[in-house]
Structures are given as structure tokens and as C-alpha cells.
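>>> Sequence plus predicted model, see below.
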Amino acid sequence: MKLVSPCDCRMCGKATQSEPARRDGQSGFALIHCPSCRPYTVDQDMLDLLRDNEFEYPIKQRLRIAIRQSDLVGEPLDLRGDNYLAIAARYSDIPVSRKRLAILNHVRLLSRGDSAAEVRIDEGDCYTLLLCLHEGELLLLMEHLQQTGHLRQSGVHWTLTYKGWEETDPLQHGGPIPGTCFLAMAFDPALESAYANGFVAAVDGDCGLQIVRVDKQEDNRPIDDRIVEGLRRAEVVVADCTFEKGGVYFEAGYALALDRQVVFTCRKADFKDGQGVHFDTRMYPFIVWEDEQDLRKRLARRLWNTVPSLKGKTRPADPDGEDAA
Ligand SMILES: [Zn+2]
């Protein structure tokens, strides 16, 4: 039985509900189901800080952007008294070029391949999704994109212009090919079974994505070139940090720099509550997997929640009937 109780979301002030939650096996957390911010968890320190409202203006907005980005991958953001400033700092100076591309890609996604589609953007709901601090910022950027000829507005509807489609075309820009997944992991015989029964089963079997692992390709070109090409072409990158291979961090970093979604995973025995992976990656919502079955199930669920080209497709029934990762 779930102990759900009404509360106000301290981020946005809206009436919502909360329930007790566990994080990393520990209790004492609350999961806030805010319909406006999206779900996030808080520890008692964070709850006290939010209650006292001891925030400078942009910090809360940056945290709301972080909550929304985390929700995109199906993970409630874990906000604690000792991590919230670092999380806010990650969103402190988002380049306008990223915001601009996020907006264009959002209109493209909503257009579902119809280059004449007129779509509605709910600015009030999606400004944090599109990396903006407030609704006015999103509106201003959309106006700017209209002036530069990337978007066209008619009434409350927006259409991506030819220039906008070109700008977001993955082939023209050497960008991602929808439906491909690059797998970065240790090439170690001890992980062969997890590769076949966990990664391939989830990526290919459960999600229908084409999996790219460079050591499995028949290709005479230098492996470095194939890695860079594979990362450029991938829509999503899965980076398994089991055995802490430098190459995996290199590939994950390269992919993040290209604005690809990166799903970090690590075998539980090696994760050691986060101590087993590089400090720089600990902020990311890792899938810490127990065994191949657990890996397959959770990775498939995350990919369905993350990969843009899977949005709009019908997902086969989740064996556990759960929706969140
Ligand atoms: Zn809220």
C-alpha cells in the first residue's frame, strides 16, 4: 500500500502529492509527484531548505530544469541538501545555441515527419523541458527563431520551415541516425554473457534499435575513426562503466559533447554506492544492475523513456507493468 499524502510542491507552489521513497536502499526520502515540475525526490535537508525558501531566484528555476531533464529519461531527480547546488550549477549557463536546438528539435518531434505540420507549443508547460528559465525566455527565443526563418507562426500554431528542417536534419549535419544505439563497454570475456543477454536483448530485442559495438564490426578502418563515426551517428549511447575502462568514459564524454543522450550503467558489485565509478559521472542517473535479467529489463525501460525515435511507437507490455525506470 502506498502512503500518498497531499502537499504543495515547494518548487512551483502547486498542490500535489508526496509519498515516502527510498534512494540507494535508504529510506527517509519523499517522492513529490508534481504535475507541473514532474516527479523528484528530496531528503529531509532539502525539504527544510525548500520550506524556508532560502534560494536565490535562478537556483530554483535551474533545479526545475534539472528535474524536467531527469524526467525525460524516466528518473525522478534525486535532490539532497548536499547536492542541489552542484546540480543547479550544471544548468547555470546553458548556451543559447543548445536552447535554440532544443526548441527546433521539439517542434520537429511534434511534427512527426510532416513538414507542413502546424503544432501547438504549450510554453507554460515546456519551458523547463526546453532549457529556459521562464516562459518569457522561451517565447523570446521562439520569436527570434521566427525572425531567423527557422519557425513560422500562425495564430497559436508553429511550423518548422525548410530552413528549420535542414538545421535539425541528422544526415546533413553528420548527426544521429534515428534507431541506432552505440554501446560503450569493457571488451571483457567476463561481460560477454551480459552483452548478449542484457544489452543486446534490451537494445535490439526489446526496443528494436540497431546496436553498434565497434569490436563486433567487420571493418578494416582504424578503430578510432569507427568509434567517432559510431558516436556521431548514434541516437543514443549506452555507457557501461563496469571495470572502469578509460575508453568508456572517453566515448561517453564525446557523446555528451555531441548532445547525445547517454545512459550510464554499471554492475552492482562494481558500482559500490557510486565509489566504483569516476567522480565526474556520479551525478548521472546510473542503471545499477544486479544481473543480466535486471539489466535487460531496466535498460529497455529507460530506452523507451529516453530515445526520441521510440516516442510515438507502441511499446510491448512491460513484464512488470511498471512505467518509471
Ligand atoms: Zn512543482
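Received the coordinates, thanks.

>>> give me the number of residues near Val16?
Val isn't right for residue 16; it's Thr. By other CB atoms under 10 Å, the residues close to Thr16 number 19. C-beta: built from backbone N, CA, C; applies to glycine.

>>> Likewise for Gly25?
6.

>>> Which per-residue confidence value corresponds to it?
Gly25 is assigned a predicted lDDT (pLDDT) of 77.

>>> burial measure for Ser115, as a count.
Residue neighbour count, defined by other CB under 10 Å, stands at 12 for Ser115.

>>> and the residue lying closest to it once chain neighbours are set aside, what pLDDT?
Computed as CB to CB, 6 or more residues apart in numbering, the closest residue to Ser115 that is not its neighbour in sequence is Trp165, at 5.8 Å. In the prediction, the pLDDT value recorded for Trp165 is 93.

>>> ok, and what's touching the helix or strand where Trp165 lies?
Using DSSP states H and E, Trp165 maps to helix 162-167. Helix 162-167 is contacted by residues Leu101, Leu104, Val107, Arg108, Ser115, Leu145, Thr148, Gly149, His150, Leu151, Gln172, His173 when judged by CB atoms under 8 Å, 6 or more residues apart in numbering.

>>> Now tabulate these in TSV and tack on distance to the ion.
Conversion of those to TSV gives the following (distance: CB to the ion, whole Å):
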residue	distance to the ion
Leu101	26
Leu104	27
Val107	25
Arg108	27
Ser115	35
Leu145	27
Thr148	33
Gly149	36
His150	31
Leu151	28
Gln172	38
His173	35
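
>>> And the buried ones among these, selectable in PyMOL?
To isolate the buried members of the contacts of helix 162-167 in PyMOL, using 16 or more other CB atoms under 10 Å:
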select buried, resi 101+104+107+108+145+150+151
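
>>> What about the residue nearest to Ser115, how many residues nearby?
Residues near Trp165, counting by other CB under 10 Å, number 16.

>>> Please tell me how far it sits from Lys268.
44 Å (CB to CB, to the nearest Å).

>>> now swap in Gly149 and tell me
51 Å.

>>> Touching the strand or helix carrying Ala239 from outside, list them.
Assigned by DSSP H and E, Ala239 belongs to strand 236-240. For strand 236-240, the surrounding residues in contact (CB under 8 Å, 6+ apart) are 180-186, 191, 199, 203, 209, 231, 248-249, 251-252, 255, 260-267, 299, 303, 306-307.

>>> how about the nearest residue to Asp45, chain neighbours excluded?
Distances taken as CB to CB, 6+ apart place Gly81 nearest to Asp45, at 2.6 Å, with adjacent residues excluded.

>>> list the buried ones in the helix or strand of the chain with the lowest mean pLDDT?
In the chain, no helix or strand scores lower on mean pLDDT, DSSP states H and E than helix 223-233, which sits at a mean of 80. Using 16+ other CB under 10 Å as the test for burial, helix 223-233 gives Arg226, Ile227, Glu229, Gly230, Leu231, Arg232, Arg233.

>>> so how far is Val237 from the first one?
Right, the one you point to is Arg226. In terms of CB to CB, Arg226 sits 14 Å off from Val237.

>>> Surely Thr128 touches Ile65?
Yes. Thr128 lies in contact with Ile65 (CB atoms under 8 Å); the separation is 4.8 Å.
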